[in-house]
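Novice: structure of the sequence below:
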Amino acid sequence: MMNRQAEAPIPTAFGGFTMVAYADSPDERMPHLAFVADGFDPAQQPVAVRIHSECMTGDVFGSRRCDCGEQLHTALQLAAEKKGVVIYLRQEGRGIGLINKLKAYNLQDLGLNTAEANTHLGFDVDARQYDCAIRILQDLGIQAVELITNNPEKVEALKRSPIQVLGRIPVVIPPQADSKAYLQTKQDLMGHLLGL
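Specialist: Just a heads-up that it's a prediction; the model follows:
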């Protein structure tokens, strides 16, 4: 059973947060994280929540192949303003891991889209799961959310849980030359609400 293992205040460029680490064991080196904005009050529902899956290339190194880092920064800013929460799930590359994500990038450079690259490597188009996020929301006392997302699958995953989804806050990042084809695939094949 995943539990709260440690927490500490983390001042950021977007505002003050408390980072809470969740894992099955206190020895886990890659825990899931919740960034809880200063002033967060679970009694005030719905809570603005972003469920963000790790993207080391975009989140940490600013890769232009995707919009993940920009989505994360926008979500942190919104969470700070709305006294909400950003949940950071350790499921890199839509659940296939960093090594396979780099292999998928090479396949994309040969002409496959992101969905085709994942299936060519033997994975689902999107292997992410959101059970851990639901557990974190429950631990934080959150019963209703405004979900910061463009992904209707995240909305549906939460609707199948005890958490109420009372609204959606879009976080659309204008495409760059290097990310346009990727974002078009997300919209056309995965149903993301990007308005491209």
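Novice: what count of nearby residues applies to L102?
Specialist: 11 (other CB atoms under 10 Å). Every residue, glycine included, has its C-beta placed from N, CA and C.
Novice: do the one 3 residues further on as well
Specialist: For Y105, the number of neighbouring residues by other CB under 10 Å comes to 17.
Novice: and the residue nearest to it when sequence neighbours are not counted, how many neighbours?
Specialist: Leaving aside its sequence neighbours, Y105 sits nearest to R65 (CB to CB, 6 or more residues apart in numbering; 6.8 Å). The number of residues packed near R65 is 18, by other CB under 10 Å.
Novice: for E54, see how far away R65 is.
Specialist: Look at R65 and E54: by CB to CB, to the nearest Å, they are 15 Å apart.
Novice: do L112 as well
Specialist: According to CB to CB, L112 stands 22 Å off from E54.
Novice: ok, now Q45?
Specialist: Computed as CB to CB, the Q45 to E54 distance reads 27 Å.
Novice: all helices for this structure, in order.
Specialist: Ranges of helices in the chain, per DSSP state H, are 68-82, 92-95, 98-109, 114-120, 131-139, 152-159, 180-190.
Novice: ok so, going back, so which of Q45 and E54 has more stuff around it?
Specialist: Taking other CB under 10 Å, Q45 and E54 do not tie; E54 has more neighbours (21 against 14).
Novice: contacts only, for the closest residue in space to the more buried one that isn't next to it in sequence.
Specialist: Nearest non-adjacent residue to E54, counting by CB to CB, 6+ apart: E92, 4.8 Å away. Going by CB atoms under 8 Å, 6 or more residues apart in numbering, E92 touches 53-56, 98, 101.
Novice: farthest-separated two in the residues you listed?
Specialist: Pairwise distances across the contacts of E92 (CB to CB) peak at 12.0 Å, for the pair S53 and L98.
Novice: between those two, which is the more surrounded one?
Specialist: S53 (23 against 13).
Novice: identify the bridge partners of that one.
Specialist: For S53, the beta-bridge partners are L89 (DSSP bridges).
Novice: wait, isn't it in contact with R94?
Specialist: Yes - using CB atoms under 8 Å, S53 is in contact with R94, at 6.8 Å.
Novice: what do these two both touch?
Specialist: When contacts are counted by CB under 8 Å, 6+ apart, S53 and R94 have R128 as shared neighbours.
Novice: how about low-confidence regions in this structure?
Specialist: The chain contains residues with pLDDT under 70 at 179-183, 185-186, 188-191, 193-196.
Novice: rerun at 80
Specialist: Residue ranges of the chain with pLDDT under 80: 1, 127, 172-173, 175-196.
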